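Chemist: Give the three-dimensional model of this entry:
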Amino acid sequence: MTCDVRNCAAALLLCLSVLSAAAGDPPPRYVSIRRDEANLREGPSYAHRILWVYKRKDYPLKVVARYDAWVRVKDVDGTVGWMHRTQLSDRRTVLFIGFTKSPLRNGTGPSARIVAWAEPGVVARLRACKPRFCEIDAQGTDGWVDRKNIWGVDAGEVIQ
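Modeler: A predicted model of the protein is given here:
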């Protein structure tokens, strides 16, 4: 029996889905890129084609599945692929999103004093999250930001 590339890829993805479901994957969580460069692959092996090369240490990604030493991740744009776990860190980071600068405040609330502004695309370390605001460290500047302005934290996620 022969198969074309699409049929073989579909069969592989079906097998991986079944294996993931059987393994009882943990709920999605966030990780970040460990090095200055990391490859996103089409499938869970070095033989698979590279889809994208990330060139940003600490860039946040959402884990959507695992297979052996491979992690299936999703980025802010919805791009999905596989990375070897050695390319990833458990360090929590966030990415500023939107079309305008976001204020970093010295407290949780819209009336707290603004201490800095963050441009869309800035990556920051996540320190804590309350229901509406998250505390971050952006290149040495600590502050609180409305979670609607960042990607890398699930709705309602509270981090102490």
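Chemist: Give the bridge partners for the residue nearest the centre of the chain, please.
Modeler: Note on the chain: the residue nearest the mean C-alpha position is residue 61, at 1.4 Å, using CA atoms, centre = their mean. Residue 61 forms beta bridges with residue 31, as assigned by DSSP bridges.
Chemist: And it, what's its pLDDT?
Modeler: Note on residue 61: pLDDT of 98.
Chemist: and the residue nearest to residue 114 when sequence neighbours are not counted, how far is that from residue 31?
Modeler: Nearest non-adjacent residue to residue 114, counting by CB to CB, 6 or more residues apart in numbering: residue 103, 4.5 Å away. Glycine gets a C-beta too; all of them are placed from N, C-alpha and C. Using CB to CB, to the nearest Å, we find residue 103 at a distance of 27 Å from residue 31.
Chemist: more neighbours, the two?
Modeler: In this view residue 103 and residue 31 are compared by other CB atoms under 10 Å, and residue 31 has more residues nearby, 22 against 17.
Chemist: Just to check, the more buried one is in contact with residue 88?
Modeler: Yes - at 4.6 Å, residue 31 counts as touching residue 88 under the criterion of CB atoms under 8 Å.
Chemist: what residues are shared contacts of these two?
Modeler: 61, 71, 73 (CB atoms under 8 Å, 6 or more residues apart in numbering).
Chemist: now, among those residues, which is nearest to residue 97?
Modeler: Nearest to residue 97 among the shared contacts of residue 31 and residue 88 is residue 61, at 14.4 Å by CB to CB.
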